[in-house]
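Asks: Just need the structure, nothing else, for what follows:
(chains A and B)
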Amino acid sequence: MEEKNSQEDLEEIILLFLGPRLAGKTTIKERIFDGLQPTQIIYVEQTIEVRVDTQMNAFAKMKIVDFPGMKDLSEVPQDTWHLPASENGLDIGDNTAKLAVIYVIDSQDGQSYRNALTDLYKSAELLKNYNKNLTFDIFMHKSDGLNEEELNAIHDDTLSYIENINDVGIQISTTSAMDQTIFDAMSKVIQKRIPEQAQLEKWLNLMINNANVAKAYLMDVRTKLFIATDSSPAENTQLSIYEICSGMIEMVDGISNVYEGARLSEIGDSDEDIMPAFDENHESWVTMKEEIVLCLYGITSNLALVCVVREDALNQRGIMMYNLNLFRQTIRKTLEQSRT
Amino acid sequence: MSSKKVERKKVLLMGKSGAGKTSMRSIIFASYVADDVYRLGMTMDIEHAHVRMLGNLVVNLWDCGGQDSFMDSYFMFQKEQIFKGCEVLIYVIDVKSERPEADLQGYRDCLAAIADYSANAKIFVLVHKMDLLLESEKNAIFEVKKKELEEIAHTNRLNVDIAKTSIWDKTLYSAWSKIVTQLIPKKEKFQTELQNLAEQSGANEVLLFEKATMLNICYIKNDANGHKTEDDEDLIAERMEGLSHYLKNFKLICWRKATNFESLEIRTSTFSAIMQIFTDYTCIMLVSFNPDIPMWNWRKAIDRIRPKFQKLDQKNRRAQQY
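Replies: All right, here's what the predicted structure looks like:
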């Protein structure tokens, strides 16, 4: 029997970034969780100390631990790993924590790449012994400078290297902070740590069949990570659709903010706390060329459903709206239940 | 059908080397973001850019390199070619210039040349890079500069419109919106039509954007009772810049993915908005603080007045053929 306290702890997902120095760990963290723009990446400074940041997202509390690449994990005594960073620990919880380890490798740096694999091997062994529940992911980062052939070569090389430690299901993703791949990869890492994920996917599948929707994502409004998508086969265009969907959230959220500000100054009530403009009853539509329509549908104040609708499905808008609303109510109920 | 003659309006962009002419041109017309301008190189001689706009208007933008040797040659050999038939002159001054005297001399020469060759041109002076000044000194320094610049203009019997700008905030967007609005033929007619639309549709705001640049070219506001009201200009400018920023960003994402978007509808607990491609060169946006307004009503209202605007476009075209 778990007690209330430990259940609250269970809600927290701990992300641990590892990897050689200058691999891009801090950039990834800031790009996703702090809204860093690609043009600003050159200003990111090297991390020297362990840095811990906590954030509330639509689905869970996140604790993000950024471990400096110039340090060696094996040199930090294991009995201090659960201590907060201020006491020279890692703050990664005890052996029951929901730990998601992300090992970042600079795929453009052929020299440090070999050393990184050795370090990766060592770190994975240590962490595996510390916390049996962890998930482990490798990001082959800075992939924007390489062609597909080179990427495949590195991918296979890494895969063969980790073969004998791969009893924790290590996954390798190629990522770049310049495009959407990093958001895609991070979403998948987090999905593994969300217990409701399978159920959400089931409901999404049900919903898209009934509402005549082509593709749907459940997205965190602030970070644009998706916690679930339907299981319709991944097309080549999937990443572009995801990128357009997150672009749409950004635009719609921005415009809503502009007019929320305008409305407040209109009624002369500037004392009122400025609420985040996105709200749970939000509904917006974008018509793209080639008869594709996107719909953004608020679920909670920071969770949104984004779907791709074929324009002809709009003839049955009533059915669609009925199903979307049903979906909204179901998800809200589930989230409420998992929070109490 | 045979003649595709369009109205060309010549816009001169001048100023000393490094004042920021090409940066602002890139941000406004080529959808650069402010972070990227450090990549731009120096402009050699004159770069021409044609920007197609509302009512088949072609803005013929001359970005004139500002190095001393180029400037000298403009005034010595190419004076007539450059300054003749000019509709708008935009002179950019770096507020933190190391050689303010040389800047003023260049400005003086330009005004003299404009007075000779295109006395009716509208002149805008942008006191640029205001972000380099401290917040507390901005206004004082600007007022001094403004006075100086106006005096020079008056000795040439010219009127100038002086604005402070920076690529890092809304000022650049506002200044260029004003410049582009200046170029539009028959803007009063647009305004009346849109005013009517606002009243009929019950929208609190009706906005018209130039499609390529997302510059705001018309702004109509109704208060809750349907009467026209005056609003704080600064607030509106900020709002327009915000809107155009978000729309432009999304447009860039769509471009990268080889697609584009045609309309947008937003409904929250507090407001409703609709944005559509309106004519070949414009986008229209309607906003209401009543979240329950029926969208189909608005769609119909927009469809109803769209032909009138297209006709205006065509009329312009025909008028230009003769």
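Asks: List the residues that contact the one residue in the stretch 101-250 of chain A that gets nearest to chain B.
Replies: Closest residue of the stretch 101-250 of chain A to chain B, CB to the nearest CB: A:Gly247 (3.8 Å). Quick note: C-beta positions are derived from backbone N, CA and C, even for glycine. Contacts for A:Gly247 were tallied using CB atoms under 8 Å, 6 or more residues apart in numbering or on different chains; they are B:Asn249, B:Phe250, B:Ile253, B:Cys254.
Asks: For it, give its distance to B:Ser272.
Replies: In this structure, A:Gly247 and B:Ser272 are 21 Å apart, going by CB to CB, to the nearest Å.
Asks: per-residue confidence at the residue of the stretch 101-250 of chain A closest to chain B?
Replies: In this model, A:Gly247 is scored at 92, pLDDT.
Asks: measure it to A:Gln180 for me?
Replies: Noted for A:Gly247: a distance of 9 Å to A:Gln180, by CB to CB.
Asks: Which elements pack onto the helix or strand harbouring B:Ile266?
Replies: Secondary structure from DSSP states H and E places B:Ile266 in strand B:261-267. Here strand B:261-267 is seen to pack against helix A:238-266, strand A:283-288, helix B:233-256, strand B:272-279 when contacts are counted using 3 or more CB pairs under 8 Å, 6 or more residues apart in numbering or on different chains; DSSP states H and E.
Asks: Can you name the residues that contact B:Lys79?
Replies: The contact partners of B:Lys79, taken as CB under 8 Å, 6+ apart, are B:Ala113, B:Asp116, B:Tyr117.
Asks: Give me the buried subset of those residues.
Replies: Neighbour counting by 16 or more other CB atoms under 10 Å in any protein chain shown classes B:Ala113, B:Tyr117 among the contacts of B:Lys79 as buried.
Asks: could you dump the contacts of B:Lys79 to TSV with distance to chain A and pLDDT?
Replies: Compiled in TSV, the contacts of B:Lys79 are given as follows (distance: CB to the nearest CB, whole Å; pLDDT from 0 to 100):
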residue	distance to chain A	pLDDT
B:Ala113	38	87
B:Asp116	44	87
B:Tyr117	41	87
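Asks: Tell me which residue is most central in chain A.
Replies: Here the mean C-alpha position of chain A is nearest to the C-alpha of A:Ser187 (CA atoms, centre = their mean), at a distance of 3.3 Å.
Asks: excluding its backbone neighbours, what's nearest B:Ala49?
Replies: B:Leu61 (4.3 Å; CB to CB, 6 or more residues apart in numbering or on different chains).
Asks: List the beta-bridge partners for that neighbour.
Replies: Using DSSP bridges, the bridge partners assigned to B:Leu61 are B:Val11, B:Ala49.
Asks: Mind pulling up the pLDDT for it?
Replies: As summarised for this prediction, B:Leu61 has a pLDDT of 76.
Asks: Please look at it and B:Thr43 and confirm they touch.
Replies: No - when contacts are counted by CB atoms under 8 Å, B:Leu61 is not listed as touching B:Thr43 (11.8 Å).
Asks: what does the stretch 101-250 of chain B have sitting close to chain A?
Replies: Where the stretch 101-250 of chain B comes near chain A, counting by CB under 8 Å from any CB of the partner chain, the residues are B:Leu235, B:Arg239, B:Gly242, B:Leu243, B:His245, B:Tyr246, B:Leu247, B:Asn249, B:Phe250.
Asks: Need the residues you listed in CSV (columns: distance to A:Gly110, neighbour count and pLDDT).
Replies: Converted to CSV, these look like this (distance: CB to CB, whole Å; neighbours: other CB atoms under 10 Å in any protein chain shown; pLDDT from 0 to 100):
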residue, distance to A:Gly110, neighbour count, pLDDT
B:Leu235, 54, 13, 81
B:Arg239, 50, 23, 87
B:Gly242, 45, 19, 89
B:Leu243, 46, 23, 91
B:His245, 40, 18, 88
B:Tyr246, 41, 21, 90
B:Leu247, 42, 20, 91
B:Asn249, 35, 17, 87
B:Phe250, 38, 23, 91
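Asks: and which of those is nearest B:Leu89?
Replies: Within those, the smallest distance to B:Leu89 is 27.4 Å, found for B:His245 (CB to CB).
Asks: mind listing the strands for the stretch 51-200 of chain B?
Replies: In the stretch 51-200 of chain B, the strands defined using DSSP state E, counting those that start in this stretch lie at B:57-64, B:86-94, B:122-128, B:160-164.
Asks: Get me the contact residues on the stretch 101-250 of chain A for chain B.
Replies: Listed as neighbours of chain B in the stretch 101-250 of chain A under the rule CB under 8 Å from any CB: A:Ser240, A:Glu243, A:Ile244, A:Gly247, A:Met248, A:Glu250.
Asks: List the contacts of the second one.
Replies: For A:Glu243, the contacting residues are A:Asp179, A:Gln180, B:Ile253, B:Arg256, B:Lys257, taking CB under 8 Å, 6+ apart as the criterion.
Asks: burial measure for A:Gly145, as a count.
Replies: Burial measure for A:Gly145: 10 neighbouring residues, criterion other CB atoms under 10 Å in any protein chain shown.
Asks: which residue packs closest to it, ignoring adjacent ones?
Replies: Closest residue to A:Gly145 apart from its sequence neighbours, by CB to CB, 6+ apart: A:Gln108 at 5.0 Å.
Asks: What of A:Ile255?
Replies: B:Tyr246 (5.4 Å).
Asks: so the one you found makes contact with A:Gly254?
Replies: Yes - under the contact definition of CB under 8 Å, B:Tyr246 touches A:Gly254, with a separation of 3.7 Å.
Asks: circling back to that earlier point, I'd like the helices and strands packed on strand B:261-267 as a markdown table, with distance to B:Lys84 appended.
Replies: Conversion of the helices and strands packed on strand B:261-267 to a markdown table gives the following (distance: least, CB to CB, whole Å):
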| stretch | distance to B:Lys84 |
| --- | --- |
| helix A:238-266 | 43 |
| strand A:283-288 | 45 |
| helix B:233-256 | 33 |
| strand B:272-279 | 31 |
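Asks: Of all those, which one comes closest to A:Thr118?
Replies: helix A:238-266 (31.9 Å).
Asks: Now do the buried residues in that closest one.
Replies: Of all the residues in helix A:238-266, those buried under the rule 16+ other CB under 10 Å are A:239-264.
Asks: In contact with B:Lys257: list those residues for me.
Replies: For B:Lys257, the contacting residues are A:Ser240, A:Glu243, A:Ile244, by CB under 8 Å, 6+ apart.
Asks: For the closest residue to A:Glu311 other than its chain neighbours, grab phi and psi.
Replies: The shortest distance from A:Glu311 to any residue other than its chain neighbours is 4.0 Å, reached at A:Glu291 (CB to CB, 6+ apart). Here is the backbone geometry of A:Glu291 (degrees, to the nearest 10): phi 60, psi 30.
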